[in-house]
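Chemist: After the sequence you'll find the predicted model.
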Amino acid sequence: MSNNIPTPHITAKKGDFAKTVLMPGDPLRAKFIAETFLENPVLVNNVRGVQGYTGTYKGKKVSVMASGMGMPSIGIYSHELFNFYDVENIIRIGSAGAIHDDLQVRDVVFGMGACTNSSFANQFGLPGTFAPIASYKLLKAAEEAAIKLGIEPKVGNIYSSDAFYDPSGALLKWKEMGVLAVEMEAAALYMEAIRAGKNALCICTISDKPLTGEGLSAEERQLSFTQMMEIALEIA
(Lines give C-alpha, C1' and ligand atoms only; values in the text may rest on other atoms or scores of the structure.)
Protein backbone atom coordinates (compact mmCIF):
# COMPACT_ATOMS: atom_id res chain seq x y z
CA MET A 1 0.00 0.00 0.00
CA SER A 2 1.31 3.44 -0.92
CA ASN A 3 1.97 6.07 1.73
CA ASN A 4 0.88 8.72 -0.78
CA ILE A 5 -2.54 9.31 0.79
CA PRO A 6 -4.72 11.23 0.73
CA THR A 7 -4.75 11.27 -3.08
CA PRO A 8 -5.87 14.13 -5.34
CA HIS A 9 -9.28 12.45 -5.55
CA ILE A 10 -9.80 10.77 -2.15
CA THR A 11 -9.27 12.49 1.22
CA ALA A 12 -9.82 9.37 3.35
CA LYS A 13 -7.15 8.36 5.83
CA LYS A 14 -5.39 5.00 6.07
CA GLY A 15 -7.86 2.41 7.36
CA ASP A 16 -10.97 4.43 6.49
CA PHE A 17 -12.01 1.98 3.77
CA ALA A 18 -13.09 -1.62 4.30
CA LYS A 19 -11.48 -4.43 2.32
CA THR A 20 -14.60 -4.49 0.13
CA VAL A 21 -16.02 -1.38 -1.54
CA LEU A 22 -19.38 -1.28 -3.30
CA MET A 23 -19.16 1.18 -6.18
CA PRO A 24 -22.24 2.67 -7.83
CA GLY A 25 -21.73 5.36 -10.43
CA ASP A 26 -24.07 7.89 -8.83
CA PRO A 27 -23.00 9.63 -5.58
CA LEU A 28 -26.66 9.81 -4.55
CA ARG A 29 -26.93 6.04 -4.91
CA ALA A 30 -23.87 5.67 -2.68
CA LYS A 31 -25.58 7.87 -0.09
CA PHE A 32 -28.81 5.84 -0.40
CA ILE A 33 -26.97 2.54 0.13
CA ALA A 34 -25.08 3.87 3.15
CA GLU A 35 -28.16 5.32 4.82
CA THR A 36 -30.44 2.37 3.97
CA PHE A 37 -28.26 -0.67 4.57
CA LEU A 38 -25.21 0.25 6.67
CA GLU A 39 -25.08 0.66 10.42
CA ASN A 40 -23.30 3.79 11.66
CA PRO A 41 -22.12 4.96 8.22
CA VAL A 42 -19.36 7.56 8.28
CA LEU A 43 -18.58 9.86 5.34
CA VAL A 44 -14.89 9.28 4.57
CA ASN A 45 -14.66 11.05 1.21
CA ASN A 46 -16.52 13.86 -0.53
CA VAL A 47 -13.99 15.28 -3.01
CA ARG A 48 -15.89 16.57 -6.08
CA GLY A 49 -19.07 15.30 -4.43
CA VAL A 50 -17.99 11.67 -4.93
CA GLN A 51 -19.32 10.42 -1.65
CA GLY A 52 -17.65 7.51 0.12
CA TYR A 53 -18.98 5.93 3.31
CA THR A 54 -17.84 3.18 5.64
CA GLY A 55 -20.10 1.35 8.07
CA THR A 56 -21.10 -2.20 8.95
CA TYR A 57 -23.53 -4.67 7.41
CA LYS A 58 -24.46 -7.70 9.54
CA GLY A 59 -21.35 -7.05 11.59
CA LYS A 60 -18.99 -6.76 8.60
CA LYS A 61 -17.10 -3.56 7.80
CA VAL A 62 -18.21 -2.41 4.35
CA SER A 63 -17.55 0.72 2.29
CA VAL A 64 -19.50 2.27 -0.55
CA MET A 65 -18.20 5.02 -2.83
CA ALA A 66 -19.33 6.43 -6.15
CA SER A 67 -17.22 5.93 -9.28
CA GLY A 68 -18.63 8.67 -11.48
CA MET A 69 -19.43 7.96 -15.13
CA GLY A 70 -17.22 6.20 -17.63
CA MET A 71 -14.01 4.22 -17.70
CA PRO A 72 -11.56 7.08 -17.02
CA SER A 73 -13.45 7.95 -13.83
CA ILE A 74 -13.79 4.44 -12.39
CA GLY A 75 -10.23 3.78 -13.53
CA ILE A 76 -8.94 6.56 -11.27
CA TYR A 77 -10.99 5.64 -8.20
CA SER A 78 -10.48 1.88 -8.45
CA HIS A 79 -6.73 2.33 -9.04
CA GLU A 80 -6.37 4.47 -5.93
CA LEU A 81 -8.52 2.18 -3.79
CA PHE A 82 -6.68 -0.97 -4.87
CA ASN A 83 -3.16 0.44 -4.84
CA PHE A 84 -3.19 3.16 -2.16
CA TYR A 85 -5.93 2.14 0.29
CA ASP A 86 -5.35 -1.62 0.42
CA VAL A 87 -8.87 -2.44 -0.83
CA GLU A 88 -9.13 -6.08 -1.93
CA ASN A 89 -12.56 -6.21 -3.62
CA ILE A 90 -14.59 -3.70 -5.61
CA ILE A 91 -18.12 -4.60 -6.63
CA ARG A 92 -19.62 -2.26 -9.17
CA ILE A 93 -23.39 -1.93 -8.73
CA GLY A 94 -24.88 0.10 -11.52
CA SER A 95 -27.39 0.37 -14.29
CA ALA A 96 -27.14 -1.15 -17.76
CA GLY A 97 -29.08 -1.15 -20.98
CA ALA A 98 -30.39 -4.49 -22.20
CA ILE A 99 -29.16 -5.68 -25.59
CA HIS A 100 -30.22 -9.33 -25.41
CA ASP A 101 -33.88 -9.99 -26.22
CA ASP A 102 -34.40 -12.16 -23.12
CA LEU A 103 -33.58 -9.33 -20.70
CA GLN A 104 -36.27 -7.15 -19.15
CA VAL A 105 -36.18 -3.91 -17.18
CA ARG A 106 -35.08 -4.53 -13.56
CA ASP A 107 -33.38 -7.86 -14.37
CA VAL A 108 -30.05 -8.38 -12.58
CA VAL A 109 -26.98 -9.10 -14.71
CA PHE A 110 -23.54 -10.33 -13.64
CA GLY A 111 -20.73 -9.35 -16.00
CA MET A 112 -18.58 -12.46 -16.40
CA GLY A 113 -16.60 -10.62 -19.06
CA ALA A 114 -16.58 -7.06 -20.39
CA CYS A 115 -16.12 -6.30 -24.09
CA THR A 116 -15.24 -2.72 -24.86
CA ASN A 117 -14.62 -0.16 -27.59
CA SER A 118 -12.24 1.69 -25.26
CA SER A 119 -8.49 2.09 -25.65
CA PHE A 120 -8.07 1.82 -21.87
CA ALA A 121 -5.88 -1.30 -22.19
CA ASN A 122 -3.36 0.54 -24.39
CA GLN A 123 -1.63 1.92 -21.27
CA PHE A 124 -0.40 -1.59 -20.42
CA GLY A 125 1.49 -2.00 -23.70
CA LEU A 126 0.09 -5.44 -24.45
CA PRO A 127 0.99 -7.05 -27.79
CA GLY A 128 -2.59 -8.04 -28.55
CA THR A 129 -6.22 -7.77 -27.42
CA PHE A 130 -6.93 -8.14 -23.70
CA ALA A 131 -10.14 -9.79 -22.46
CA PRO A 132 -11.24 -8.18 -19.15
CA ILE A 133 -13.00 -10.70 -16.89
CA ALA A 134 -14.52 -10.69 -13.42
CA SER A 135 -13.03 -12.34 -10.37
CA TYR A 136 -14.37 -15.90 -10.32
CA LYS A 137 -14.37 -15.88 -6.51
CA LEU A 138 -16.73 -12.90 -6.40
CA LEU A 139 -18.82 -14.15 -9.33
CA LYS A 140 -19.38 -17.54 -7.71
CA ALA A 141 -20.21 -15.98 -4.33
CA ALA A 142 -22.63 -13.52 -5.96
CA GLU A 143 -24.48 -16.28 -7.80
CA GLU A 144 -24.83 -18.29 -4.58
CA ALA A 145 -26.06 -15.22 -2.68
CA ALA A 146 -28.57 -14.37 -5.40
CA ILE A 147 -30.04 -17.88 -5.31
CA LYS A 148 -30.45 -17.66 -1.52
CA LEU A 149 -32.25 -14.32 -1.95
CA GLY A 150 -34.58 -15.81 -4.56
CA ILE A 151 -33.05 -13.77 -7.40
CA GLU A 152 -32.26 -15.32 -10.77
CA PRO A 153 -29.37 -13.34 -12.27
CA LYS A 154 -28.37 -13.43 -15.91
CA VAL A 155 -24.65 -14.19 -16.23
CA GLY A 156 -22.58 -13.47 -19.32
CA ASN A 157 -20.72 -10.94 -21.41
CA ILE A 158 -21.43 -7.23 -21.10
CA TYR A 159 -20.23 -4.31 -23.21
CA SER A 160 -18.42 -1.33 -21.68
CA SER A 161 -18.82 1.58 -24.08
CA ASP A 162 -16.99 4.90 -24.12
CA ALA A 163 -20.08 6.49 -25.69
CA PHE A 164 -23.53 6.73 -24.13
CA TYR A 165 -25.33 7.45 -27.41
CA ASP A 166 -25.05 5.02 -30.32
CA PRO A 167 -25.51 6.79 -33.67
CA SER A 168 -23.50 4.07 -35.44
CA GLY A 169 -25.90 1.29 -34.46
CA ALA A 170 -23.04 -0.70 -32.93
CA LEU A 171 -25.28 -2.27 -30.27
CA LEU A 172 -26.86 -4.48 -32.93
CA LYS A 173 -23.43 -5.89 -33.73
CA TRP A 174 -22.70 -6.65 -30.08
CA LYS A 175 -26.15 -8.25 -29.80
CA GLU A 176 -25.22 -10.61 -32.63
CA MET A 177 -22.23 -11.73 -30.56
CA GLY A 178 -24.42 -12.66 -27.58
CA VAL A 179 -23.59 -9.67 -25.39
CA LEU A 180 -26.25 -9.19 -22.71
CA ALA A 181 -26.14 -5.49 -21.86
CA VAL A 182 -24.27 -2.22 -22.28
CA GLU A 183 -22.76 -0.05 -19.53
CA MET A 184 -19.71 2.22 -19.26
CA GLU A 185 -17.34 1.11 -16.48
CA ALA A 186 -16.79 -2.64 -16.00
CA ALA A 187 -13.94 -3.20 -18.45
CA ALA A 188 -11.72 -0.58 -16.81
CA LEU A 189 -12.57 -1.86 -13.33
CA TYR A 190 -11.68 -5.42 -14.30
CA MET A 191 -8.37 -4.32 -15.81
CA GLU A 192 -7.42 -2.30 -12.74
CA ALA A 193 -8.28 -5.23 -10.46
CA ILE A 194 -6.30 -7.74 -12.49
CA ARG A 195 -3.29 -5.40 -12.76
CA ALA A 196 -3.31 -4.89 -8.98
CA GLY A 197 -3.85 -8.58 -8.18
CA LYS A 198 -7.23 -7.78 -6.61
CA ASN A 199 -10.87 -8.77 -7.22
CA ALA A 200 -13.72 -7.07 -9.07
CA LEU A 201 -17.24 -7.86 -10.20
CA CYS A 202 -19.88 -5.84 -12.02
CA ILE A 203 -23.49 -6.40 -10.93
CA CYS A 204 -25.96 -4.38 -12.98
CA THR A 205 -29.68 -3.83 -13.01
CA ILE A 206 -31.33 -3.29 -16.36
CA SER A 207 -32.60 0.29 -16.40
CA ASP A 208 -33.58 0.53 -20.05
CA LYS A 209 -33.69 -1.20 -23.42
CA PRO A 210 -31.94 1.17 -25.84
CA LEU A 211 -32.98 -0.84 -28.89
CA THR A 212 -36.68 -0.44 -28.05
CA GLY A 213 -36.78 2.82 -26.05
CA GLU A 214 -38.20 1.28 -22.87
CA GLY A 215 -36.69 2.65 -19.65
CA LEU A 216 -36.94 3.90 -16.07
CA SER A 217 -36.69 7.43 -14.69
CA ALA A 218 -33.55 8.74 -12.94
CA GLU A 219 -35.36 8.63 -9.58
CA GLU A 220 -36.43 5.01 -10.13
CA ARG A 221 -32.84 4.07 -10.99
CA GLN A 222 -31.50 5.84 -7.92
CA LEU A 223 -33.87 4.37 -5.35
CA SER A 224 -35.34 1.08 -6.58
CA PHE A 225 -32.40 -1.13 -7.57
CA THR A 226 -32.14 -2.83 -4.18
CA GLN A 227 -31.71 -6.45 -5.32
CA MET A 228 -28.21 -5.90 -6.72
CA MET A 229 -27.32 -3.92 -3.59
CA GLU A 230 -28.39 -6.79 -1.33
CA ILE A 231 -26.41 -9.34 -3.36
CA ALA A 232 -23.28 -7.20 -3.18
CA LEU A 233 -23.67 -6.60 0.54
CA GLU A 234 -24.09 -10.33 1.20
CA ILE A 235 -20.73 -11.11 -0.38
CA ALA A 236 -18.84 -8.06 0.93
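Modeler: Yes, it's here.
Chemist: Do a quick rundown of the helices in the chain.
Modeler: For the chain, the helices defined by DSSP state H occupy 27-37, 71-84, 136-148, 170-176, 186-196, 218-224, 226-235.
Chemist: Compare those helices and give me the one nearest D101.
Modeler: helix 170-176 (8.1 Å; C-beta to C-beta). From N, CA and C alone the C-beta is placed, and that goes for glycine too.
Chemist: how many other residues sit next to the closest residue to E192 other than its chain neighbours?
Modeler: Sequence neighbours aside, S78 is the residue nearest to E192 in space, at 4.4 Å (criterion: C-beta to C-beta, 6 or more residues apart in numbering). Counted with other C-beta atoms under 10 Å, the neighbours of S78 add up to 28.
Chemist: likewise N83?
Modeler: 18.
Chemist: That one against G197, yeah?
Modeler: No - contact status for N83 versus G197: not in contact, 10.0 Å apart, counting by C-beta atoms under 8 Å.
Chemist: quick one: contacts for the residue lying closest to I99 once chain neighbours are set aside?
Modeler: The shortest distance from I99 to any non-neighbouring residue, by C-beta to C-beta, 6+ apart, is to K175 (4.6 Å). By C-beta atoms under 8 Å, 6 or more residues apart in numbering, the residues touching K175 are 99-100, 211.
Chemist: okay if I get these as a markdown table plus pLDDT?
Modeler: Converted to a markdown table, the contacts of K175 look like this (pLDDT from 0 to 100):
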| residue | pLDDT |
| --- | --- |
| I99 | 95 |
| H100 | 96 |
| L211 | 87 |
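Chemist: Find the nearest non-adjacent residue to I76, please.
Modeler: In space, I76 is closest to H9, 5.8 Å off (C-beta to C-beta, 6+ apart).
Chemist: ok now do the one you found, which residues does it touch?
Modeler: 47-48, 50, 76-77, 80.
Chemist: what does V179 give?
Modeler: Shown in contact with V179 (C-beta under 8 Å, 6+ apart): 99-100, 115, 156-159.
Chemist: number of nearby residues for the closest residue in space to L149 that isn't next to it in sequence?
Modeler: In this structure, L149 finds its nearest non-sequential neighbour in E230, 6.0 Å apart by C-beta to C-beta, 6+ apart. The burial count assigned to E230 is 15, neighbours taken as other C-beta under 10 Å.
Chemist: before we move on, back to that, return the distance of the residue nearest to I76 relative to G68.
Modeler: 10 Å (C-beta to C-beta, to the nearest Å).
Chemist: do G178 as well
Modeler: Here G178 is placed at a distance of 29 Å from G68 (C-beta to C-beta).
Chemist: higher neighbour count, those two?
Modeler: More crowded of G178 and G68, by other C-beta under 10 Å: G68, with 19 against 10.
Chemist: show me what contacts that one?
Modeler: 25, 50, 74, 77.
Chemist: wait, the third one sits on M23?
Modeler: Yes - the pair I74 and M23 qualifies as a contact (C-beta under 8 Å) at a distance of 7.1 Å.
Chemist: Identify the contacts common to the two.
Modeler: Joint contacts of I74 and M23 (C-beta under 8 Å, 6+ apart) are 67, 92, 189.
Chemist: and the residue of the chain most remote from its centre, what pLDDT?
Modeler: Ranked by distance from the centre of the chain (C-alpha atoms, centre = their mean), the top residue is P127, with 27.2 Å. pLDDT, the model's per-residue confidence, is 95 for P127.
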